[in-house]
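# Any chance you can model this:
(2 chains)
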Amino acid sequence: MAVIEVKDLTYRYGIGTPFEKTAVDHVQLTIPTGAYVGIIGHTGSGKSTLIQHLNGLLQPTEGTVMLDGKDIWADKAEMRQVRFRVGLVFQYPEYQIFEETVFRDIAFGPKNMGLSEDEIHARVKEIAGIVGISDDMLEHSPFLLSGGQKRRVAIAGVMAMRPEVLILDEPTAGLDPRGREEILCEIDLYRKKTGATILLVSHSMEDVARHAEHILVMNKGSVFCYDTVQRVFSRAGELQKIGLAVPQITRVCAALRQNGLAIDENIYTVEQAKEQLLKLLRQKGVNRGC
Amino acid sequence: MKIRIQAEDLSFHYTDEEDNAISPEILKDLSLTLEAGSFVAVLGANGCGKSTFAKHMNGILIPTGGKMLIGEMDTADERYAYDIRQHVGMVFQNPDNQIVATIVEEDVAFGSENLGVPPEEIRQRVDDALKAVDMYAYRMHAPSQLSGGQKQRVAIAGIIAMRPSCIVLDEPTAMLDPKGRQEIMKTIRMLNQEYGITIVLITHYMEEAVQADRVIVMGDGNVLLDDVPEEVFSHVEEMKQAGLDVPQVTELVYELQKSGVQLDSRIITEEACTKALLELFA
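Here you go, the predicted model:
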C-alpha cells in the first residue's frame, strides 16, 4: 500500500514575472506505507519544495498529491486533517519554539487537534520518553535548554500529533556527531513504536546510508533516482557527477575495485567494508596456504 | 602582520552586573598558544566551550580568570579593542545573521569603513577581497540572491578587507550543502597558504578537520587532545567518548586492527587508506 502518491507534480513560482522558475518538474513518486526514505540533492534541487507539497503547504501548479489514495486538495475542509496526519519538521525547528514550558510546547499540536487533557498528557509523556526529555525538564522553560535539547523539543512537538508520515528537513544540521546519531536513533524509535512512514531530508550520505531503506535523489527539480539504499549507492559515479558526495567508505571501495581488488560494488557503511575486507583477507590467506 | 594568540590559564563564566557568577565555569584554566600562520581546527561536542573560547579571541568575551593575549595586546584592556578586532576577524555559522548591506560590495566595505580606512583604499581592499574569495563577479548583487556558500564567502571577504592576521570561523559550513562546504574549505586553505592568515576553524565535520595542520579537541572547558590530525584521529575511543567521530577511513582501519589486521593507525585520508589496503593484498 502506498501512503503517499505524487502524480505528475509540477510547481512553478513567480509565474508571469522575469523570475519564473520551475522548482519541481513532473515528479512521480510512490511512498509505501511504513517506508523510510532518505531524500538527498543539492540546495535548489527541489527537495524542500517537494516535501512542502506532501502536507499541503504548497499547492501544485500541475499534478496531484494523494494521501491514502485521496487527492489532498479535493476537499479543502479536510486539509487540517492532512496536516495532522503528515507532520513536517522544518530545518532548525528550535527557532519555532515559543511556549513557556517544554511540556506546553510539545502539547501545542495535540491541543490544536482537540484532544482531551488526559490524552494530551499521555502523548507528551510518551514522546518525551522517545526523544529523551526527562520529566523535570518538561517543567523548564525551553529557552534554557541547549541547542540539541531544544531541537528535540521541537521534533517532539510534531511527533506528539502522532503523524502517520513524519517528514524531517535536515534534523541534524549543526549538531555534533553524538547529537546527530541520537536524534536519528530517536526517529528510528518513533517509527518502531508507531509504524510511521519516515521521510528524511539530509546532506549527509553517511546518515542516510545508516538509517534509511530507500533513497530519493532529486536533481534540478526532477527525480534523479529512487531506489533501495544499496542500489542507489551502486551508482556512486553518477551521483558524484551531479555533484553529490557519496560516503567516504564507498569512494575508497570504488578506488580499491579500480585497482583490481574484488570488493563488492555497493558498500556504504564501515561495517560492510570491514566484513568484506576480512573475508577477502581470509581468502587470500587460504590461497597462500595451498 | 604576524601575531601569535595566547591563552594563559583562561577561565570564564557568565556574570551579572554585580560580578556574581550566573553560569558554571565554561572554560577552566585553559592554556594554549596558536602560532602565527597556522591552520588549527577545534573540535568538541556541543557545550564543550569551543565557541566561548572563540569569542575570547577577539574580545567579544573577556576572561574572568587568566589572560587572553593577541600578540602583546591583552583583550581585557579596552584600549586595544579596535586593534584586536581588526587583527582577529570572526565568521559565524549563519550567513544571514552577518550580512548588513543590500549590495555585496557595500557589505564587504562595512568593517573597513568602521575602521576609518580612507575611501580610495576601501575601494581597492573591497575589490581585492572579493577577488580573493572568487565573488568579484557578484559585487553588485543583492546578498539575498546568493546561495549560502556564496553568502559565507561574502562574509569572509568583509573580514579580509580589514586585513586581519587571523580569522576565527565558528562552524562556518554547518548550514551549507556539500558544494557550499567545499567552496568554503577551498577559500580557507587559500587564505592560509597564500596570504599567511592564521585560521582557527571550529567544526563538527571531521573531514574538514583533517585538512588542518593541528587539531585541538576540547571537552568540558579544556583541551583533551592537541596534535597533528593523524595523531588526534588515531585516538578513536577517546574521540568517541568525547561525543565526536573520526573519518570513516580511520574507523575502518581501527576496526580492521581490532580484528588482527596490521595497519598504520595514522590513516586519515582516502588516498592513504586505499594505498595501505592495496598493500595488504599485494
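
# only C-alpha atoms for contact and neighbour calcs from this point on.
Noted.

# give the contact list for the residue of the stretch 1-150 of chain B found nearest chain A.
In the stretch 1-150 of chain B, the residue that lies nearest chain A is B:Ala45 (5.5 Å; Cα to the nearest Cα). Applying Cα atoms under 8 Å, 6 or more residues apart in numbering or on different chains, one finds that B:Ala45 lies in contact with A:176-178, B:218-219, B:242-244.

# Please apply the same query to A:Leu239.
With contacts defined as Cα under 8 Å, 6+ apart, the neighbours of A:Leu239 are A:245-246.

# Spell out which parts of chain A neighbour chain B.
Contact residues (Cα under 8 Å from any Cα of the partner chain) of chain A with chain B: A:42-43, A:146, A:148, A:173-179, A:203, A:243-245, A:248-249, A:251-253, A:255-256, A:259, A:261, A:270-271, A:273-274, A:278, A:281, A:284.

# Return the backbone torsion pair for residue 41.
If you meant another chain, say so; for now it's chain A. Phi and psi for A:Gly41, reported as degrees, to the nearest 10, are phi 160, psi 160.

# think we crossed wires, I meant chain B
For B:Ala41, the backbone dihedrals are phi -100, psi 140 (criterion: degrees, to the nearest 10).

# The one 3 residues further on now?
The phi and psi torsions at B:Gly44 (degrees, to the nearest 10) take the values phi 170, psi 150.

# Okay, the nearest residue to it once chain neighbours are set aside and chain A: tell me how far apart.
Counting by Cα to Cα, 6 or more residues apart in numbering or on different chains, the nearest residue to B:Gly44 once its immediate chain neighbours are dropped is B:Met218, at 4.8 Å. Distance of B:Met218 to chain A, computed by Cα to the nearest Cα, to the nearest Å: 13 Å.

# For burial, what's the neighbour tally of B:Met218?
The tally of other residues near B:Met218 (other Cα atoms under 10 Å in any protein chain shown) stands at 23.

# if I've got this straight, it is in a strand?
Yes. B:Met218 sits within a strand when classified using DSSP: H, G, I helix; E, B strand; the rest coil.

# got the contact list for it?
Applying Cα under 8 Å, 6+ apart, we find B:Met218 in contact with B:42-45, B:48-50, B:224-225.

# Which stretches in the stretch 1-150 of chain A count as helices?
Listed from the start of the chain, the stretch 1-150 of chain A has helices (DSSP state H, counting those that start in this stretch) covering A:47-54, A:79-85, A:102-112, A:117-130, A:147-159.

# Of the residues of chain A next to chain B, keep whichever come out buried.
Neighbour-count burial within those applies to A:42-43, A:148, A:173-179, A:203, A:244-245, A:248-249, A:251-253, A:255-256, A:261, A:270, A:273-274, A:278; the criterion is 16 or more other Cα atoms under 10 Å in any protein chain shown.

# so which strand or helix has the most centrally placed residue in chain B?
The structure's chain B has its C-alpha centroid closest to B:Leu201; by Cα atoms, centre = their mean the separation is 1.8 Å. Using DSSP states H and E, B:Leu201 maps to strand B:198-202.

# Quick one: residues in contact with that strand.
Outside of strand B:198-202, the residues within contact range by Cα under 8 Å, 6+ apart are B:35-43, B:50-51, B:165-172, B:188, B:192, B:209.

# out of everything not next to it in sequence, what's closest to B:Arg123?
Spatial nearest neighbour of B:Arg123, excluding adjacent residues (Cα to Cα, 6+ apart): B:Ala109 at 7.9 Å.

# For the one you found, which three-state class applies?
B:Ala109 carries the three-state label helix when classified by three-state DSSP.

# Okay, helices next: where are they in chain B?
Ranges of helices in chain B, per DSSP state H, are B:50-57, B:81-87, B:104-114, B:119-132, B:148-160, B:178-195, B:206-209, B:229-234, B:236-241, B:248-258, B:270-281.

# can you redo the ones you listed as a markdown table with mean neighbour count and mean pLDDT?
Compiled in a markdown table, these are given as follows (neighbours: other Cα atoms under 10 Å in any protein chain shown; pLDDT from 0 to 100):
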| stretch | mean neighbour count | mean pLDDT |
| --- | --- | --- |
| helix B:50-57 | 21 | 94 |
| helix B:81-87 | 19 | 91 |
| helix B:104-114 | 21 | 94 |
| helix B:119-132 | 18 | 94 |
| helix B:148-160 | 26 | 91 |
| helix B:178-195 | 17 | 90 |
| helix B:206-209 | 19 | 93 |
| helix B:229-234 | 21 | 96 |
| helix B:236-241 | 15 | 93 |
| helix B:248-258 | 21 | 95 |
| helix B:270-281 | 16 | 94 |
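
# Compare those and give me the one nearest A:Glu20.
Using Cα to Cα as the criterion, the shortest distance between A:Glu20 and the helices of chain B is 21.1 Å, found for helix B:148-160.

# what's the closest one packed up against?
With contacts defined as 3 or more Cα pairs under 8 Å, 6 or more residues apart in numbering or on different chains; DSSP states H and E, the secondary structure elements packing on helix B:148-160 are strand B:88-91, helix B:104-114, helix B:119-132, helix B:178-195.

# Parallel or antiparallel, list what pairs with the strand holding B:Leu201.
Using DSSP bridges, the strands paired with strand B:198-202 are strand B:39-44 (parallel), strand B:166-170 (parallel).

# Let me know the pLDDT of the nearest residue to A:Thr172 once chain neighbours are set aside.
Closest residue to A:Thr172 in three dimensions, ignoring its sequence neighbours and counting by Cα to Cα, 6+ apart: A:Arg180, at 5.1 Å. At A:Arg180 the predicted local confidence, pLDDT, stands at 91.

# same thing with A:Gln248?
With respect to pLDDT, A:Gln248 has a value of 90.

# Please give me every residue in contact with the closest residue to it other than its chain neighbours.
Distances taken as Cα to Cα, 6+ apart place B:Gln248 nearest to A:Gln248, at 6.4 Å, with adjacent residues excluded. Residues near B:Gln248 by Cα under 8 Å, 6+ apart: A:248-249, A:270.

# These in helices, which ones?
Per DSSP H, those map to helices at A:248-249, A:270.

# Now do the same contact list for B:Leu225.
By Cα under 8 Å, 6+ apart, the residues touching B:Leu225 are B:215-218, B:232.

# Most widely separated two among those residues?
The distance between the two most remote of the contacts of B:Leu225 (Cα to Cα) is 11.7 Å, for B:Met218 and B:Val232.

# Now do A:Arg80: how many residues are near it, please.
Other residues within reach of A:Arg80 by the criterion other Cα under 10 Å amount to 12.

# can you pull the pLDDT of it?
A:Arg80 carries a pLDDT value of 93.

# What's the separation between it and A:Val27?
The spacing between A:Arg80 and A:Val27, counted by Cα to Cα, to the nearest Å, is 24 Å.

# do A:Ser141 as well
Taking Cα to Cα as the criterion, A:Ser141 is separated from A:Val27 by 42 Å.

# Leaving out sequence neighbours, find the closest residue to A:Arg231.
Nearest-residue entry for A:Arg231: A:Asn266, 7.1 Å, with adjacent residues in sequence omitted and distances by Cα to Cα, 6+ apart.
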